[in-house]
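Novice: Predicted coordinates and the sequence they were generated for:
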Amino acid sequence: MSQAVAHGHDDHSHLPAGWKRWLFTTNHKDIGTLYLSFALIMFFIGGAMAMIIRLELLEPGVQYVDPTFFNSMTTMHALVMIFGVVMPGTVGFANWLIPMMIGSPDMALPRMNNWSFWILPFAFTLLLGSLFLPGGGPAGGWTMYPPLMLQTGFALPFVIFAVHFLGASSIMGSINIIATIFNMRAPGMTFMRLPLFVWTWLITSFLLIATIPVLAGAVTMLLTDKYFGTSFFNAAGGGDPVLFQHVFWFFGHPEVYILILPSFGIVSQILPTFSRKPLFGYESMVYATASIAFLSFFVWAHHMFTVGMPLAGELFFMYATMSIAVPTGVKVFNWVATMWRGSMTFETPMLWAISFVVLFTIGGFSGLMLGITPADFQYHDTYFVVAHFHYVLVTGAVFGMIGGVYYWLPKWTGHMYDETLGKIHFWVSVISVNLLFFPQHFLGLAGMPRRIPDYAVQFTEWNQISSIGGFVFGASQLIFLYLIIRCIRGGAKATDQVWEGAHGLEWTLPSPPPYHSFTTPPQVTDAVAHS
Amino acid sequence: MNLDANRKTALKLAGCALAMFGFGYALVPIYDAFCDITGLNGRTGELSAAEAAAIKPDPGRTVTVEFDTNVNGQLPWAFRPLQRSVQVNPGEVTLVLFVAQNDSGRMVVGQAVPSVAPAKASPYFNKTECFCFTQQTLAPGERREMPVRFVVDPQIPRDVSTLTLSYTFFEVPENLRDSVPAGNNKQSS
Ligand code: HEM
Ligand SMILES: [Cu+2]
C-alpha cells in the first residue's frame, strides 16, 4: 500500500484498482463493506439451508432429503447464521461506524483489520466444503456435543479448524475495536459521550476475547479425543462427556449476548432519531449492557438443566438466569420511554427498530419460561426452544441489523434507497416471520422435538403454516438484496444529515463520507454527542 | 496517531485471549475437583481397607443400597449384579458381587464407570475395592465374578434411606488399553 501514500498524510487518491483494492485494503470503510457483503452472501447460503429444512418439514414422513443430510443442514444452518452472518455482519457495522462515531480517521490496527476479514472466506471454504466430503458434513448440531460429534467422518477436523479460524478472526476484530475505542477518540469524546452502538461493541469485544478462546479449547479437546488418544470426554478413558457441555456453554451463553448486543446498539441509535428525542436513560443503558454481559458468565448451565445437577445447582442457575431479565427489562423500558410522546415518524429503519423491540421481547419472555428449571424439563430440546432463539436471533439480532442497513445505507452510499420497496420488504418480512416462528411455540409445547426430519401427524398443520411463512420470509429477503444493489448504483442524493432527527458525528460527514473519516479530529461537546 | 498505545492495548488483549484459552483447559481439573467435592455426577469416595475397618458401625440405622448395571453402546457383554439390593448398617464393610460375561468371539477390554444417586449421598459412599479401579479384560465367552467392597459413612444425611450404585461398562478403545486411564483414580474412586 505504500505507493498509495502520496502526500504528507494518508491520502489514498491512487487506490489500487479492481480486486487488489479489496484484497489489500486497510481502510475501515472498505473492510466494513467487505464484512457486510460477506454477511449478506452467507445470509442467503444459510437461508437456502433453512429452506431445505422447512421443505422437509412441510409434511410428516421423510420425503425430500436423507435424515443425515437433514441433520447436517440444521448444523450448518446454525453455524453459518451465527459465525457467517450475525458475527461478521455486526463487525461490518463496527468497522464502518465506530471511527465515524468517535471522530477518528480509521481503525487503530488497519493491517490486522485486513487479516481478520480475509480469514473468513478461508474458514467458510473449509466449513462449507466439508459438506462434500465422504461421510457428509457435520451433523451433530452446532453445539457439537460428544460422543455424537465424534462420530462425524472426515468433516470433523475441517469443522474444527474452521471454528479456530473464525475464532481467530473474531478475536482480532475485537482487539482492534477495543484499541480503537480506547485510543482513537476525538478530543472531548469521553466514555459517557460515546454513542450507545460504540458502547455495545466495546462490551461485546470483551465478551469475545473472554469466551472465544474457551470454545477454541473445547473443540481442540474434541479433536485430540478423536485423533490423538486423549480422553477429555471419553468415559472409557476416564473422561466425562458432560464436561464438554459445561465448557461449551461457558462460551455459548455469553455468545448469545455477543450476537444481540450490537443490535441493541443499532436500535438505540435508530429509535431516538425517529422519535426526535434523546435516548431515554443513556447511563442506565450503559450500565444495563455491562451488567447483562457480566451476568452472562454465571448462567450457562440453564442449557443443561436436564443433564443432571444437584438441586442447589439447578436453583442457582435458575435464579441467575432470571436476574438477567432485570437489566434486559431496563433496556426495553428505556426504548419504549424514548418513543413515549416523541414526534415519531415511521420510515423503514424505524419500522424495523420498533418491531425489534416488540418481537425481541417476546423472545425474552420465552427465555424466562425456559429459565424456570421444572418447566424446562418439559420444554428442553423441543420446538419451543427453537421458537425462543429464533425470536431473539432473527427478529432480534437480524432485524436490528436490517434496520441498521436501512438507517445508514444513505450515509454509506450517498443515495437514498427506495422507501416504498423498503416498506414492502418490512411488512412482508414481519408478517411471514411470525407465521414462521410463532407456531413453533405451540409445536414445542405439544412435544415436537427439535432436530428431527419427521414428526407425528398431529403436528402437521402448524408445521405447514411455519414452512409457508418460512418460504415467504426467505423470498422477501430477495427484495432486500435488490434494494441494496439499486441503492449502491444510484438514487436520489442523500444529504449529510440524511434523517431530520439524526444526531452524532457520523451525520456531520458528507454522504458518502471521505475515504478517511476525520483527518482532523473534531472537537466534541455535549451538543454534537449522542444527546 | 498513538501507534505505541495501540500496540500496547493489542498485546495486553492478546494476552487475555491466551489466558482464556488456558482457562478453558483449566476447567478440566477444576471440574474434576468440583465433582469430587460436591458429589456431582454421582462421584463416590475411596478409602483404604484399614480406614474402612476403623469406622464404627451404627447398628441403630439401616440403609438400602440398590445396584444397577448398564453396558454402553456396542460392548458385547452381559453384566449384572448378583444381588439386586442389600440392607446395611452405616459404617459396616460390605461385600457384593457383580458378574460380567463376554458374549462375543473376540477379546474385549472394558472399563466400568460408577455413579451413586442421590448425588447428595454420593460423597458418603466409599469403596475400598472395586472392579472399576482397573480395566477388565475378558476372553471370548469368559465369565467373571467381580467384587465390590464398600462402606457407607455413618454421617450420611438422615433423610437418605436408599442409595443406588450404578455402573456402566464402556469398551476401552485400542489406544487406551493397558494404561491407567487418565484421571482413573478420580473417576473410579
Ligand atoms: C431474558 C433473556 C433470556 C433467557 C432467560 C434465556 C433463557 C434460555 C434458556 C433457559 C435456554 C435453554 C433452553 C433449553 O435448551 O431447554 C435458552 C436457549 C437459547 N437461547 Fe436464550 N435466553 C435469553 C435470551 C437470549 C438471547 C438474547 C439470545 C440470542 C440473541 C438467546 C439465544 C438462545 C439460543 C441460541 C438458545 C438455544 C441454544 C441451543 O440449544 O442450540 N437467548 N435460552
Ligand atoms: Cu443461555
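Specialist: Now that the structure is in, tell me what you want to look at. Ligands and ions are numbered 1, 2, ... in the order given.

Novice: Am I right that A:Pro157 is in a strand?
Specialist: No. A:Pro157 is assigned helix when assessed by DSSP: H, G, I helix; E, B strand; the rest coil, not a strand.

Novice: Hmm, A:Leu223 and it touching each other?
Specialist: Yes. Using Cβ atoms under 8 Å, A:Pro157 makes contact with A:Leu223 at a distance of 6.4 Å. The way it works is simple: take the backbone N, C-alpha and C, and place the C-beta from them, glycine included.

Novice: who's more crowded, these two?
Specialist: A:Leu223 (19 against 15; other Cβ atoms under 10 Å in any protein chain shown).

Novice: Let me know the helix or strand that the residue in chain B that chain A sits nearest to is in.
Specialist: Here chain B gets closest to chain A at one residue, B:Gly24, 2.8 Å apart by Cβ to the nearest Cβ. Assessed by DSSP states H and E, B:Gly24 sits inside helix B:3-38.

Novice: Tell me the buried residues in that helix?
Specialist: The neighbour-count check on helix B:3-38 (16 or more other Cβ atoms under 10 Å in any protein chain shown) flags B:6, B:9-10, B:13, B:16-17, B:20-21, B:23-25, B:27-28, B:31-32, B:35-36, B:38 as buried.

Novice: what about the next helix or strand after it, near chain A?
Specialist: Under the assignment DSSP H and E, the closest C-terminal helix or strand after helix B:3-38 is strand B:45-46. No. Shown here: strand B:45-46 not in contact with chain A (Cβ under 8 Å from any Cβ of the partner chain), separated by at least 14.1 Å.

Novice: could you say what helices and strands strand B:45-46 packs with?
Specialist: Contacts defined by 3 or more Cβ pairs under 8 Å, 6 or more residues apart in numbering or on different chains; DSSP states H and E place strand B:45-46 against strand B:125-130.

Novice: quick one, what contacts A:Arg341?
Specialist: Contact analysis of A:Arg341 by Cβ atoms under 8 Å, 6 or more residues apart in numbering or on different chains lists A:Lys277.

Novice: For it, which three-state class applies?
Specialist: Using three-state DSSP, the structure places A:Arg341 in coil.

Novice: which residues touch the residue lying closest to A:Val457 once chain neighbours are set aside?
Specialist: Nearest non-adjacent residue to A:Val457, counting by Cβ to Cβ, 6 or more residues apart in numbering or on different chains: A:Pro60, 5.1 Å away. Shown in contact with A:Pro60 (Cβ under 8 Å, 6+ apart): A:Asp454, A:Tyr455, A:Ala456, A:Val457, A:Phe459, A:Thr460, A:Asn463.

Novice: Kindly report the same for A:Asn113.
Specialist: A:Asn113 neighbours (Cβ under 8 Å, 6+ apart): A:Thr26, A:His28, A:Ile31, A:Asn95, A:Met107, A:Met172, A:Gly173, A:Asn176.

Novice: in what helix or strand does the closest residue to chain B within the stretch 201-350 of chain A lie?
Specialist: Closest approach between the stretch 201-350 of chain A and chain B, counting by Cβ to the nearest Cβ: A:Gly217, at 2.8 Å. Using DSSP H and E, A:Gly217 maps to helix A:196-227.

Novice: Any stretches of chain B with poor pLDDT?
Specialist: For chain B, residues meeting the criterion pLDDT under 70 lie at B:1-3, B:39-43, B:178-189.

Novice: hmm, back to that, which one of the contacts of A:Asn113 sits in the busiest neighbourhood?
Specialist: Counting neighbours by other Cβ under 10 Å, A:Gly173 comes out on top of the contacts of A:Asn113 with 32 neighbours.

Novice: What angle do helix A:196-227 and the helix holding B:Gly24 make with each other?
Specialist: Put simply, helix B:3-38 runs at 50 degrees to helix A:196-227, going by axes from the mean of the first three to the mean of the last three Cα atoms, to 10 degrees.

Novice: right, is the strand or helix carrying A:Tyr319 up against chain B?
Specialist: Here A:Tyr319, judged by DSSP H and E, is contained in helix A:311-339. Yes. Residues of helix A:311-339 contacting chain B under Cβ under 8 Å from any Cβ: A:Leu311, A:Gly313.

Novice: C-terminal to that helix, what's the next element?
Specialist: helix A:348-371.

Novice: Could you list every helix and strand that that following helix packs against?
Specialist: Looks like helix A:348-371 contacts helix A:241-275, helix A:311-339, helix A:373-379, helix A:383-392, helix A:399-413, helix A:419-445 (3+ Cβ pairs under 8 Å, 6+ apart).

Novice: Now render the ones you listed as CSV, adding mean neighbour count and distance to B:Tyr167.
Specialist: CSV is the format used below for those (neighbours: other Cβ atoms under 10 Å in any protein chain shown; distance: least, Cβ to Cβ, whole Å):
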stretch, mean neighbour count, distance to B:Tyr167
helix A:241-275, 24, 17
helix A:311-339, 18, 24
helix A:373-379, 16, 26
helix A:383-392, 23, 33
helix A:399-413, 25, 51
helix A:419-445, 19, 35
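
Novice: do you know how far the closest residue to the residue of the stretch 201-350 of chain A closest to chain B other than its chain neighbours is from ligand 1?
Specialist: Once flanking residues are discounted, A:Gly217 sits nearest to B:Gly24: 2.8 Å by Cβ to Cβ, 6+ apart. Distance of B:Gly24 to ligand 1, computed by Cβ to the nearest ligand atom, to the nearest Å: 19 Å.

Novice: Quick one: residues contacting B:Lys172.
Specialist: Actually, residue B:172 is Val rather than Lys. A:Ala236, A:Gly237, B:Val109, B:Gly110, B:Gln111, B:Gln135, B:Pro181.

Novice: Now with 7 Å, please.
Specialist: By Cβ atoms under 7 Å, 6 or more residues apart in numbering or on different chains, B:Val172 lies in contact with A:Ala236, B:Val109, B:Gly110, B:Gln111, B:Gln135.

Novice: That'll do, ta.
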